[in-house]
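[1] Any chance you could fold what I've pasted below:
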Amino acid sequence: MNQFALFGNPNTGKTSLFNMLTRSYETVGNWSGVTVEKRIGTLRGRSGRIVDLPGLYSLLPLTEDEGVAARFLMEETPASILNIVDASQPERNLYLTLQLLESGRPMLIGLNMIDVARNRHISVDPQVLQRELGVPVLPIIARKGTGCTDVLHALGSLTAPGSEGFRLDYGPAVEQGVSDLCILLRTLPSSSAPRWTALQLLEGNEAVRTALAGRIDGEALDSILQQTGRELEAAGFGCDVSAHLRQVRTQRIARICTAAVQRSDQAVHTATERIDAILTHRILGIPLFLAMMFLIFKLTFDWVGSLLSDVLDGFISGMLSGWISAALGGLGASPFTHALVVDGIVGGVGGVLVFLPQICILFLLISFVEDSGYMARITLLMDRTMEAVGLSGKAFIPFIIGFGCNVPAIMAARTMEHRKDRLLTTLLVPLMSCSARLPVYALFAGVFFASNQALVVMGLYVLGMVLALALAKLFSRTLLRSEPSLFIVELPPYRMPQPLSLLRMTWEKVKGFLRKAGTIILAGSVVIWFLSNTGSSGFGVDMNDSFLASIGGALSGLLAPIGFGTWQAGAALITGFMAKEVVVSTMNIIYQVPDMAGLEHQVAAAFTPLQAFSFVTFILLYIPCLATVGVIRKETASWRWTFFSMGYSLVLAYAVALVIYQGGKWIGFA
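    Okay, here's the model as predicted:
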């Protein structure tokens, strides 16, 4: 089966094109950093696969995700390369194109965003560009599907370039170095593009050098690199080979753009510029962002979400539960089976699913923000704050992603150049309030803060962010000192998200929640039900004498100073380590209530408003869920940092909850 590689700069529409060519769906967003690892899909109507690689500006990798793309050309043998180029920014995009052409593989260029270019009065002639580069060029609009069928057909007819292929003359000094390296590389069992490999070595590509480690003579390689630098300096070009290669390519790009690109002399004041004048304003920018977040939470928890949740709760606790009970009775199920299914599974899983409408609305609104282009502006607004606490501005992107799920957010830290920045971001992302915590917030805010649900939930999100920034300052000055890094963010044009794309983005996020409901939450509900009905004397004991009560009771003394020293609260916190939604499932089973109204009544009797706020704050901050712990271990490759992440978050949660509860009591709150 042929394999095609999809390359391009960040935020050029690669993943949108990938989805169109494969009829699959991967996460897309109108901001850079969405793809952080390669994704593989099967082409529509063809026996071939296409690999969507992380966006990169050059084959010289600066970050871990860019290293994935650079190593791919060394370790894999794609039949052809599909390079997507942003027609509105051809000068910047063509640098990667020239490097890919030098690899000698068959190549097709998808000239994307021609509609954006047209709005900016930029015209790129595909025929002229094709003549200049020597490979087919097809104009497309990936997000709308325009031209994608032509790309699919063209991939099957690509042929290898001629014996010379695309070739740039870098001057006698560099060409001699390339020739010497090609002789050295001939000792390898297979080297499909020795000239390209030689150029990457001269440029200082560590991914390529690492891939060749142990296969070529390192001393001979260093000798050739040093000799090339000396000869280049003697010729009056300086000794920096990488800078010389970049200069030659840039000059060639300028000539190509002179021939193929036309720009209007008329000053273009786009809608993006007019909107940015307001949304990225130095003073108004952050208040407008907070106002937008408040509006999102208001829609989610007060105006729409709570009404839909009440309707779904009525269906699950009433009609659905009745159907299941009747079906079990008709099948002659035993009382044990009936109790397990109705009280354990339906009660546990259903207690979480009632919050599905609120989660759907929140994901829909966040997806709108992502696809509109506003996401990149938020990172720009926060850059100065992030830099002040010792973090790169890029760290705010994983933080925002963490509002959906901490797992992909931690993986998004790969886009950061410095290891210490990546590690620091990985350690702090779990403080971002992920969607798994929403059912807990919705339950307690609906009971104790009914008139201010949106404000309370937004306050929890802001609290997590503020604490993350404070700890970033502390950790960057003690555990993880790092040099300041340059923050460069691409500001894509604003655009109105397409309804189908918006629904797909929302569904992909909701699907993860439903998958957990059918796996982790289901299994957890069954285990919790058994533990709540089993004790030292066997099955069917009073719940206060159950194993679950014993487990939760072991923590009650420790939890008393922070306001919720009951075995029920302790048991819910322990099971919440599997997934934060399981906290609600556990309470639903413990309190043995038929519907959400019953659970709300029990919670109102067990907590005061001050205790409730202390509890949800603890849920916000304490140990990350099992899946998050797993990805922290994978990304850091260190159990020491993984346990540190679990330990510091638990201590932080206890300290903050202690301040809230004891401070609240001291000033007279109930």
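[2] number of nearby residues for Ala450?
    If you count neighbours by other Cβ atoms under 10 Å, Ala450 ends up with 13. Yep, even glycine has a C-beta here, placed from its N, CA and C like the rest.
[3] Enumerate every residue touching it.
    Neighbour list for Ala450: empty [criterion: Cβ atoms under 8 Å, 6 or more residues apart in numbering].
[4] any idea how far it is from Leu299?
    16 Å (Cβ to Cβ, to the nearest Å).
[5] Same check on Ser476?
    From Ser476 to Leu299 the distance is 36 Å (Cβ to Cβ).
[6] swap in Met74?
    Applying Cβ to Cβ, the value for Met74 to Leu299 is 49 Å.
[7] And those two? Which one has more around it.
    Comparing Met74 with Leu299 by other Cβ under 10 Å, the one with more neighbours is Met74, at 22 against 17.
[8] and that one, that one's in a strand?
    No: read with DSSP: H, G, I helix; E, B strand; the rest coil, Met74 is helix and lies in no strand.
[9] just checking, it touches Val208?
    Yes: with contacts counted by Cβ atoms under 8 Å, Met74 reaches Val208, the gap being 5.7 Å.
[10] Can you give me the pLDDT of the closest residue to Ala395 other than its chain neighbours?
    Leaving aside its chain neighbours, Ala395 sits nearest to Thr425 (4.5 Å; criterion: Cβ to Cβ, 6 or more residues apart in numbering). For Thr425, the pLDDT comes out at 91.
[11] can you pull the buried residues of the helix or strand that contains Thr425?
    Thr425 is part of helix 419-428 when elements are defined by DSSP states H and E. Within helix 419-428, the residues scored as buried using 16 or more other Cβ atoms under 10 Å are 420-428.
[12] could you point out where the stretch 101-250 of the chain is predicted with low confidence?
    Along the stretch 101-250 of the chain, segments meeting pLDDT under 70 span 159-165, 188-192.
[13] can you pull out the helices in it?
    Ranges of helices in the stretch 101-250 of the chain, per DSSP state H, counting those that start in this stretch, are 114-119, 126-133, 148-155, 172-185, 194-203, 206-212, 218-234, 241-260.
[14] Out of the ones you listed, which is closest to Ala87?
    Judged by Cβ to Cβ, the one of the helices of the stretch 101-250 of the chain that comes nearest to Ala87 is helix 114-119, at 4.0 Å.
[15] same for that closest one, what does it pack against?
    Where contact means 3 or more Cβ pairs under 8 Å, 6 or more residues apart in numbering; DSSP states H and E, helix 114-119 is packed against strand 122-124.
[16] which outside residues touch the strand it packs on?
    Residues outside strand 122-124 that contact it (Cβ under 8 Å, 6+ apart) are 87-88, 90, 111, 114, 117, 260-264.
[17] out of the helices of the stretch 101-250 of the chain, deepest packed?
    Each of the helices of the stretch 101-250 of the chain was assessed for mean neighbour count using mean count of other Cβ atoms under 10 Å. The highest is helix 194-203, with a mean of 23.
[18] Mind picking out the helix or strand in the chain with the poorest mean pLDDT?
    Least confident helix or strand of the chain, by mean pLDDT, DSSP states H and E, is helix 64-75 with a mean of 76.
[19] mind listing what's buried in the helix ranked longest in the chain?
    Criterion DSSP state H: the longest helix present in the chain is helix 639-666. Neighbour-count burial for helix 639-666 flags 641-642, 645-646, 648-649, 652-654, 656-657, 660-661, 664 (criterion: 16+ other Cβ under 10 Å).
[20] Redo the residues you listed as JSON lines? Include distance to Met505 and pLDDT.
    Converted to JSON lines, these look like this (distance: Cβ to Cβ, whole Å; pLDDT from 0 to 100):
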{"residue": "Trp641", "distance to Met505": "32", "pLDDT": "94"}
{"residue": "Thr642", "distance to Met505": "30", "pLDDT": "95"}
{"residue": "Ser645", "distance to Met505": "29", "pLDDT": "95"}
{"residue": "Met646", "distance to Met505": "31", "pLDDT": "96"}
{"residue": "Tyr648", "distance to Met505": "33", "pLDDT": "96"}
{"residue": "Ser649", "distance to Met505": "29", "pLDDT": "96"}
{"residue": "Leu652", "distance to Met505": "32", "pLDDT": "97"}
{"residue": "Ala653", "distance to Met505": "31", "pLDDT": "97"}
{"residue": "Tyr654", "distance to Met505": "37", "pLDDT": "97"}
{"residue": "Val656", "distance to Met505": "33", "pLDDT": "97"}
{"residue": "Ala657", "distance to Met505": "35", "pLDDT": "96"}
{"residue": "Ile660", "distance to Met505": "35", "pLDDT": "96"}
{"residue": "Tyr661", "distance to Met505": "39", "pLDDT": "96"}
{"residue": "Gly664", "distance to Met505": "40", "pLDDT": "93"}
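[21] could you dump the residues you listed to CSV with distance to Trp529?
    Shown next, in CSV, are the buried residues of helix 639-666 (distance: Cβ to Cβ, whole Å):
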residue, distance to Trp529
Trp641, 36
Thr642, 31
Ser645, 31
Met646, 27
Tyr648, 33
Ser649, 29
Leu652, 32
Ala653, 27
Tyr654, 29
Val656, 32
Ala657, 28
Ile660, 32
Tyr661, 30
Gly664, 34
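[22] List just the nearest of those to Met578.
    Met646 (14.1 Å).
[23] Next up, the contacts around the closest one.
    Met646 neighbours (Cβ under 8 Å, 6+ apart): 623-624, 629.
[24] where exactly do the helices run in the stretch 451-600 of the chain?
    Assigned by DSSP H, counting those that start in this stretch, the stretch 451-600 of the chain shows helices spanning 453-477, 499-518, 520-533, 547-559, 567-575, 582-590, 596-606.
[25] just the ones you listed: most buried one?
    helix 582-590 (a mean of 28).
[26] got the CA positions of that helix in PDB?
    Extracted C-alpha coordinates of helix 582-590, given in PDB (Å, rounded to 0.1, in the frame of the first residue of the first chain):
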ATOM      1  CA  VAL A 582     -16.800   9.300  39.000                       C
ATOM      2  CA  VAL A 583     -17.100  11.600  42.000                       C
ATOM      3  CA  VAL A 584     -20.800  12.200  41.100                       C
ATOM      4  CA  SER A 585     -21.400   8.500  40.300                       C
ATOM      5  CA  THR A 586     -20.100   7.600  43.700                       C
ATOM      6  CA  MET A 587     -22.400  10.100  45.500                       C
ATOM      7  CA  ASN A 588     -25.300   8.900  43.400                       C
ATOM      8  CA  ILE A 589     -24.700   5.300  44.600                       C
ATOM      9  CA  ILE A 590     -23.800   6.300  48.200                       C
END
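[27] In this structure Gly229 contacts Val241, no?
    Yes: counting by Cβ under 8 Å, Gly229 does reach Val241; the two are 5.7 Å apart.
[28] List phi and psi for Leu438.
    phi -60, psi -40 (degrees, to the nearest 10).
[29] Check what pLDDT the residue nearest to it when sequence neighbours are not counted gets.
    In this structure, Leu438 finds its nearest non-sequential neighbour in Ile359, 5.7 Å apart by Cβ to Cβ, 6+ apart. We have a pLDDT of 87 for Ile359.
[30] next SSE after the strand or helix carrying Ile359?
    Here Ile359, judged by DSSP H and E, is contained in helix 356-372. Per DSSP H and E, the first helix or strand lying C-terminal to helix 356-372 is helix 374-388.
[31] other SSEs contacting the very next helix or strand once past that following helix?
    Next along the chain after helix 374-388, taking DSSP H and E as the criterion, comes helix 396-401. With contacts defined as 3+ Cβ pairs under 8 Å, 6+ apart, helix 396-401 has these neighbours: helix 374-388, helix 406-412, helix 419-428.
[32] neighbouring contacts of the shortest one?
    It stands for helix 406-412. The set of residues external to helix 406-412 that reach it, using Cβ under 8 Å, 6+ apart, is 27, 33, 36-37, 397-402, 425-426, 429-430, 432, 434, 624-625, 627-628, 631-632, 635.
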